[in-house]
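> Need the 3D shape of this:
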Amino acid sequence: MNSQPDRRQNLVQAERLMNEAMRGTPDLIVLPEHFDWMGGTADDKRRAADRVPGGEAYGFIERFAKDNSVWIHAGSLLERQRNDGPVYNTTIVFNARGEEVGRYRKIHMFDITAPNGMTYAESSVVTPGDDLLIYELNGYRIACVICYDLRFSRLFDRLASEMVDIFILPAAFNRQTGRAHFEVLCRARAIEYQAYFVACGQCGSYPTPGGPRRETLGRSLVCDPWGTVIGKAGHFPAVLQVEIDPHRLVEVRRLIPMSEHRVLLDGKHLHIKPERM
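Residues are numbered from 1 along each chain as shown. As a prediction, the model looks like this:
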């Protein structure tokens, strides 16, 4: 998607793309990070934070899932539970009856200065979450992560210890850091944890008051557990359809049986010797 600071417009775009996706009779639809709102000031984002449950974006996804009998991994939205409460960057998963299966609140906050000097301060608006979410669909164990979480391998290691088959990463990677790191990190996570990796990203640009438009990477992709990219989108809004093959999971894990070889390092002592003068 190419979301803007306009929820109505974003939901119209999401509905159009999801209706297009339904032509392929999917089991699961995945949306990008901030599918309902991108850009604006910090105050704009706080005002845009939607009630969960009961908000406009929440209700829209809930109805679409029920009306179309499809599971939806609803990217992420800005969540608020009460007017004066904290704001979270939250993935919500709905089953084919339109029922909420669970929610994951992004843990790692994107507070950086990019190489071009642009600053990003997610924590000025968003409160980090502290719980993880794995859900099951058609025999697969699916783990939730969001955007900047991609860089933190210990999070993936913890999730992988629960026998995850698919990681799903809604994202809004900026174009500068994304060109350098996005695909290589997605492929690395697929390889090191022998799981499918689904990354659904924002594309195009969005406005920020008083500054230049900010560019997002696009290039949504799916990797198999060997790290092979089996589906990839470009720089424009689109539907990417990929079929997950359970036999590929078995095959890769048989070829390189990492789960049998993994050594637990807790309690092992690290010796660091001083440099000789």
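> When you work out contacts or count neighbours from here on, use the C-alpha atoms and nothing else.
Noted.
> So which bits of stretch 155-169 are buried?
If you call a residue buried by 16 or more other CA atoms under 10 Å, then stretch 155-169 has these buried ones: 156, 159-160, 163-169.
> swap that for stretch 95-114, sorry
95-98, 100-110.
> do the same with stretch 232-247
Under the neighbour-count rule (16+ other CA under 10 Å), stretch 232-247 has 232-233, 235, 237-240 buried.
> sorry, back to before: out of the buried residues of stretch 155-169, which two sit at the greatest distance?
With CA to CA as the measure, no two of the buried residues of stretch 155-169 lie farther apart than 163 and 169, at 17.1 Å.
> Next, count neighbours for the residue nearest to residue 164 when sequence neighbours are not counted.
Nearest residue to residue 164, sequence neighbours excluded (CA to CA, 6 or more residues apart in numbering): residue 141, at 5.0 Å. Burial of residue 141, expressed as a neighbour count using other CA atoms under 10 Å, amounts to 17.
> how about residue 141, secondary structure?
Following DSSP: H, G, I helix; E, B strand; the rest coil, the label given to residue 141 is strand.
> Give me the distance between it and residue 195.
From residue 141 across to residue 195, the span is 10 Å (CA to CA, to the nearest Å).
> cool, and residue 94?
Distance of residue 94 to residue 195, given as CA to CA: 22 Å.
> ok so, going back, of the buried residues of stretch 155-169, which belong to helices?
156, 159-160 (DSSP state H).
> Now render the residues you listed as CSV, adding pLDDT.
Formatted as CSV, the entries for those read as follows, by pLDDT from 0 to 100:
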residue, pLDDT
156, 98
159, 97
160, 96
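> closest to residue 81 among those?
residue 159 (26.5 Å).
> residues contacting that closest one?
Residue 159 makes contacts with 132, 134, 143, as judged by CA atoms under 8 Å, 6 or more residues apart in numbering.
> Relative to residue 197, how far out is it?
Taking CA to CA as the criterion, residue 159 is separated from residue 197 by 13 Å.
> So for residue 229, what's the nearest residue that isn't a sequence neighbour?
When the adjacent residues along the chain are set aside, residue 229 lies closest to residue 223, with 4.3 Å between them (CA to CA, 6+ apart).
> after the strand or helix carrying residue 62 comes which helix or strand?
Here residue 62 sits within helix 56-68, counting by DSSP states H and E. As assigned by DSSP H and E, the chain's next helix or strand after helix 56-68 is strand 71-80.
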